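A.B. asks: Here is the input, now give the coordinates:
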Amino acid sequence: MYPQVWQRVVDGRYERQHATVRGYQRYALRHASYPGLRPALGAAVAGVLYLDVGARDLHQLDAFEGEEYERIAVARDGATYTASAYLYRDAFAHRVLETVWDAAFFEAYHLPRFLTR
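C.D. replies: Numbers count the residues shown, from 1 in each chain. Below you'll find the model as predicted:
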C-alpha cells in the first residue's frame with residue numbers, strides 16, 4: 001500500500017495502479033500495527049496493484065511478509081486477470097481482532113516508526 005515501504009523491500013521499479021479486491025477485509029491484529037487480510041463476505045479492500053513484479057522481488061516480498069502470510073491469487077475488481085495478495089494464515093487467526101484495520105491511524109501514528117525497522 002505504501003510506496004515508501006515497497007521501495008525498501010523490492011529492488012525493481014514497477015508500474016502501479018489502484019485496485020480493489022472483493023471478498024476480503026483488512027483486520028487489526030493483536031500486538032501489531034500492520035493488518036491481516038482475511039476472507040470476509042460482502043467486504044472489499046482498496047489497495048495498490050504492482051504490475052509484472054520480478055521473481056527476485058516476489059521472493060523478497062515473501063520474506064518481508066514472513067510466515068504469518070501466504071501469497072494467494074485474487075481476482076482484481078473489474079479485471080479479467082488475477083493478482084497476488086498476502087492472506088493472513090489460519091494458523092495465526094487467534095491474533096486477528098474483530099476490528100477493521102484503520103489505515104489513517106496507521107499512517108499518522110505507526111508508519112514513520114514502521115519505516116525505521
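A.B. asks: how about the helices of this protein, start to end?
C.D. replies: Under the criterion DSSP state H, the chain contains helices at 3-9, 55-65, 103-109, 111-115.
A.B. asks: who's the most centrally placed residue in the chain bridged to?
C.D. replies: With the centre of the chain defined as its mean C-alpha position, the nearest residue by C-alpha atoms, centre = their mean is residue 86, 5.4 Å away. Taking DSSP bridges, one finds residue 71 as the beta-bridge partners of residue 86.
A.B. asks: pLDDT wise, what is it at?
C.D. replies: Model confidence at residue 86, expressed as pLDDT, equals 96.
A.B. asks: show me the contacts for it.
C.D. replies: Under the criterion of C-beta atoms under 8 Å, 6 or more residues apart in numbering, the contact partners of residue 86 comprise 37, 61, 65, 69, 70, 71, 72. Just so you know, the C-beta spots here come from the backbone N, C-alpha and C atoms, and that holds for glycine as well.
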